[in-house]
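S.K.: need a 3D model of the sequence below.
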Amino acid sequence: MTRHSSHSRGAPAGPSQRQLRAGELTRHALVEILREEEISDEALVGVSVTVTEVRMSPDLKHAICFVEPLGGGHADEVVKALNRHAKFLRGRLGRSIDMKFTPDLKFVHDESFNTAGHMDALFRDPKVAQDLRRLSDVADDED
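M.R.: Numbers count the residues shown, from 1 in each chain. The predicted structure follows:
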């Protein structure tokens with residue numbers, strides 16, 4: 001008898017526990033580095049950056065760092081500036097974390113904040129609110 005895994009064949013597996021742990025370790029270290037270091041770049045002056053997530057490659061040699069500038073303004077310029085200074089940040093990261101390899105860093109804008117804002121706006125739309133009330137009434141009638 002053949003034993004099948006709980007994952008369907010061909011479906012991509014999620015990150016391993018090792019990737020998740022390394023990503024969180026890297027995220028926390030980057031937060032501290034960005035808080036403490038003065039990076040001389042016009043796009044980063046006076047900007048507070050939130051590192052929302054770090055996704056590690058399976059070999060832990062590459063990290064995609066999702067960031068959001070506080071207030072959400074000038075995200076493209078902030079991301080470009082962080083990527084310009086990725087090697088510097090990687091060097092600081094290597095001193096902060098205890099991993100076999102210090103991952104290469106790639107910064108990208110975390111679009112989930114934009115998506116959440118768009119969803120909020122949709123829910124506030126009077127037509128959508130009316131439809132949601134109808135759905136709620138139908139659900140109440142079924143109880």
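S.K.: just checking, residue 68 touches residue 108?
M.R.: No. Using Cβ atoms under 8 Å, residue 68 is not in contact with residue 108; the gap is 10.4 Å. All C-beta spots, glycine's among them, are computed from the backbone N, C-alpha and C.
S.K.: neighbour count for these two, which is higher?
M.R.: Legend: neighbour count by other Cβ atoms under 10 Å for residue 68 and residue 108, higher for residue 68 (20 against 15).
S.K.: which residues does that one bridge with?
M.R.: Residue 68 forms beta bridges with residue 50, as assigned by DSSP bridges.
S.K.: now do the contacts for it.
M.R.: Shown in contact with residue 68 (Cβ atoms under 8 Å, 6 or more residues apart in numbering): 49, 50, 52, 75, 109, 110, 113.
S.K.: top of those residues by number of neighbours, please.
M.R.: Top of the contacts of residue 68 by neighbour count (other Cβ under 10 Å): residue 49, with 22 neighbours.
S.K.: roughly how far apart are that residue and residue 84?
M.R.: 14 Å (Cβ to Cβ, to the nearest Å).
S.K.: now residue 127
M.R.: 45 Å.
S.K.: of those two, which one has the most company?
M.R.: Neighbours were counted for residue 127 and for residue 84 using other Cβ under 10 Å; residue 84 has more, 14 against 8.
S.K.: show residues contacting whichever helix in the chain runs longest.
M.R.: Across the chain, the longest stretch assigned as helix under DSSP state H is helix 17-36. Here helix 17-36 makes contact (Cβ under 8 Å, 6+ apart) with 15, 49, 51, 53-58, 60, 63, 65, 89, 92-93, 96-97, 99, 103, 105.
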